[in-house]
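J.: Any chance you can model this:
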Amino acid sequence: MGRLLAACVVLRLHDDAGPVGTTAIDKRPVDGPVKVVKFGLYADVQADRKHHGGEDKAVYAYAAEDADWWAEQLQRDIPPGSFGENLRVDGVDVNNARVGERWRIGDVVLEVTMPRTPCSTFARWMGEERNGWVRRFSDARRLGAYLRVVKTGRLTAGDEIEIIPAPEGAPTILDIYTGV
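T.: Residues are numbered from 1 along each chain as shown. So this is what the prediction gives:
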């Protein structure tokens, strides 16, 4: 069984050189219980709603094990929220999560929908746009997963994550990832 290490929401919007002109990728951990509603964690926003957010991308989860791997690769700390994730989890193989698999965290139920596709805003945020970040992140196949909210409620850092299996034969998010 996995564990929720942090629930993260936007700290503040930042100017961005991309076509939207702003980004909400700056997520930080919240102390205490967090309300989860149909479109994600309460008090969180997405600046580019064409490519982020909505019902199928309401919550973005990233594994601590993958963040630790990137911290070693980049030689810097990758604290919860650094990749714009809402949930930093431990003990869950997020990249091999199956589409349709459900996660019960606190009294919330989430359903895995798809992998994250890295973008140029993410590259700029990481300060890696000149280092081929989008391709590098894609090729590493440590993408994290988007989830939809099946049951609203509250979750708290430290909560256990109960995995409710997807239907037999459901693809993993890596199975459906087409890359960049």
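J.: which residues of this protein fall in helices?
T.: Assigned by DSSP state H, the helices in the chain fall at 64-74, 120-126, 133-140, 173-176.
J.: quick one: the first one to helix 133-140, angle?
T.: Between helix 64-74 and helix 133-140, the angle comes out at 130 degrees (axes from the mean of the first three to the mean of the last three Cα atoms, to 10 degrees).
J.: for the helices of the chain, which one ends up most surrounded?
T.: Each of the helices of the chain was scored by mean neighbour count; the highest is helix 120-126, a mean of 20, by mean count of other Cβ atoms under 10 Å. All C-beta atoms are positioned from the backbone trio N, CA, C, and that covers glycine.
J.: Just the mean pLDDT for that one, thanks.
T.: For helix 120-126, mean pLDDT is 91.
J.: which secondary structure elements does that helix contact?
T.: strand 22-23, helix 133-140 (3 or more Cβ pairs under 8 Å, 6 or more residues apart in numbering; DSSP states H and E).
J.: now the strands for the chain?
T.: Here the chain has its strands, by DSSP state E, at 2-10, 14-15, 22-23, 27-29, 34-37, 40-41, 59-63, 87-90, 102-105, 108-115, 145-151, 153-155, 160-164.
J.: Mind checking the ones you listed for the one nearest to Glu72?
T.: Nearest to Glu72, of all these, is strand 59-63, at 14.2 Å by Cβ to Cβ.
J.: Report the strands that pair with the closest one, each with its relative direction.
T.: As defined by DSSP bridges, the strand partners of strand 59-63 come to strand 87-90 (parallel), strand 145-151 (antiparallel).
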